[in-house]
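>>> have a look; sequence and predicted model below, questions after that.
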Amino acid sequence: MKLAALSLIVPDYQAGHQFFCSRLGFTLIDNVDQGLKRWVTIRAPGGGPLLVLSRAENPTQTAAIGNQCGGRVWLFLETDDFARDAAIITAAGGVFEEEPRVEPYGKVAVWQDPFGNRWDLIQRA
């Protein structure tokens, strides 16, 4: 077995696609009409599991946008050039919560996407 995908609740498919694909450079893998919803999958430029963009369908799901992990960082982007990718994230509309810091595992900083999800950008040591 392998982890193939994670669901990411977004306000709507277009907003998710715009930020992740048009601004950050993620690749659109699938965009399949299923009637009332769509199967929209994307992948980070360097690979890894798919993100399934899931449009919020009710008040509970809408309330979970940006808080799918109870306010914790739960998404991790790994980079081989921290400064380059931090600049791309910032230009795309991501907001860094802190200055980069050095941890035993590498250089890291927490940032938020426009939907409030907290991510780590990590350059491994």
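In hand now; what should we look at? Numbering: from 1, shown residues only.

>>> residue 95 against residue 115, yeah?
No - counting by Cβ atoms under 8 Å, residue 95 does not reach residue 115; the two are 11.4 Å apart. C-beta coordinates here come from the backbone N, C-alpha and C atoms, glycine included.

>>> now the longest helix seen in the chain - C-alpha only, CSV.
The single longest helix within the chain, with elements called by DSSP state H, is helix 82-92. In CSV, the C-alpha atoms belonging to helix 82-92 read as follows (Å, rounded to 0.1, in the frame of the first residue of the first chain):
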residue,chain,number,x,y,z
PHE,A,82,13.9,27.4,0.0
ALA,A,83,14.3,31.0,-1.1
ARG,A,84,13.0,30.3,-4.6
ASP,A,85,9.9,28.4,-3.5
ALA,A,86,9.1,30.8,-0.6
ALA,A,87,9.1,33.6,-3.2
ILE,A,88,6.8,31.6,-5.4
ILE,A,89,4.4,30.9,-2.5
THR,A,90,4.4,34.6,-1.5
ALA,A,91,3.8,35.8,-5.0
ALA,A,92,0.9,33.3,-5.4
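
>>> name the SS class of the residue in the chain sticking out farthest from the centre, please.
Relative to the mean C-alpha coordinate of the chain, counting by Cα atoms, centre = their mean, the farthest residue is residue 35 (25.2 Å). Put simply, residue 35 is coil when judged by DSSP: H, G, I helix; E, B strand; the rest coil.

>>> is residue 40 in a bridge, and if so with what?
residue 31, residue 53 (DSSP bridges).

>>> what count of nearby residues applies to it?
Close neighbours of residue 40, defined as other Cβ atoms under 10 Å, add up to 25.

>>> now do the contacts for it.
13, 16, 17, 28, 30, 31, 32, 52, 53 (Cβ atoms under 8 Å, 6 or more residues apart in numbering).

>>> check residue 32 too.
Listed by Cβ under 8 Å, 6+ apart, the contact set of residue 32 reads 38, 39, 40.
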